[in-house]
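In: Predicted structure and sequence below. I'll ask about it afterward.
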Amino acid sequence: MNAPALDPARTALLLMDYQPAILALLPESDSEALLGRMEKAIADVRTKGGTVAYVRVGFTEADWAAIPPANRSFAPVAQHRLMHHADPDTAIHERLSPQDGDIIVRKTRYGGLSTTDLDQRLREHGITTLVIAGISTSGVVLSTVLDAADRDYQLYVLADGVADPDPQAHDVLLHQVFPSRAHILETAELHTLLRTD
């Protein structure tokens, strides 16, 4: 089934965890290719009048202190004081730098919506459709797709804009889990789907 066209005025490209510390989990050649595709996707969305939104993970002392030992994913982050929000490695990658008017949020768990005001800010912009890109597929992308689907956004996942250190998990999610909640497309298709009328 072909994905329906996108109304740029109601669409946001959501770039999640495109940070040096996260990109370092992937082979360098994969990271370079991902960044190149995202540069083009951002340019397409900006040119057509869509919104670009960024989600980054980063922690303050208070964030670390609030993580309970029972949280299997994030307790080690707190214990070892990883991903400090002011560390350059937690900044949005310089090749994808935000511009004035973009939405930027900082999160402290996997999902892009659960610990941020992203949902409110998207709705204030009249956004009803999300085009999702991020690292990793089994982390931020999975959590955000499930949450955003429950919030009734129309969803598109950029198959070549998401990546995961575990290729098997990536493939299962992309081919068996996400299609029941989102349209799956390649970045090259995004340009065509963004209407200009």
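Out: Looks like it came in fine.
In: tell me the contacts of the nearest residue to residue 111 once chain neighbours are set aside?
Out: For residue 111, ignoring the flanking residues on the chain, the nearest one in space by CB to CB, 6 or more residues apart in numbering is residue 143 at 3.5 Å. Every C-beta, even on glycine, is put in place using the N, C-alpha and C of the backbone. By CB atoms under 8 Å, 6 or more residues apart in numbering, the contact set of residue 143 is 109, 110, 111, 112, 114.
In: Neighbouring strands of the longest strand anywhere in the chain in the sheet, and parallel or not?
Out: With secondary structure taken from DSSP state E, the chain has its longest strand at strand 154-163. Here strand 154-163 is paired, per DSSP bridges, with strand 129-135 (parallel), strand 183-185 (parallel).
In: Quick one: closest of these to residue 35.
Out: strand 129-135 (10.7 Å; CB to CB).
In: what angle separates the following helix or strand past the closest one from strand 154-163?
Out: Per DSSP states H and E, the first helix or strand lying C-terminal to strand 129-135 is helix 142-150. Helix 142-150 and strand 154-163 are oriented at 170 degrees to each other (axes from the mean of the first three to the mean of the last three CA atoms, to 10 degrees).
In: buried residues in helix 142-150?
Out: Buried residues in helix 142-150, counted by 16 or more other CB atoms under 10 Å: 142, 143, 144, 145, 147, 148, 149.
In: Show me what the mean pLDDT comes to for it.
Out: Averaged across helix 142-150, the pLDDT comes to 98.
In: give me every residue that touches the closest residue to residue 133 other than its chain neighbours.
Out: Closest residue in space to residue 133, ignoring its immediate chain neighbours: residue 161 at 3.3 Å, by CB to CB, 6+ apart. Counting by CB under 8 Å, 6+ apart, residue 161 makes contact with 34, 37, 38, 41, 132, 133, 134, 187.
In: what about the helices in this structure?
Out: Secondary structure of the chain (DSSP state H): helices at 20-23, 28-48, 61-65, 75-79, 118-124, 142-150, 167-172, 187-193.
In: Extract the CA atoms of the first one and return them as CSV.
Out: By that I understand helix 20-23. C-alpha atoms of helix 20-23 as CSV (Å, rounded to 0.1, in the frame of the first residue of the first chain):
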residue,chain,number,x,y,z
PRO,A,20,27.8,11.9,18.6
ALA,A,21,27.6,9.6,21.7
ILE,A,22,24.7,7.6,20.2
LEU,A,23,26.1,7.6,16.6
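In: Can you list the neighbours in contact with it?
Out: Contacts of helix 20-23 (CB under 8 Å, 6+ apart): 31, 34-35, 57, 83, 87-91, 93, 135-136.
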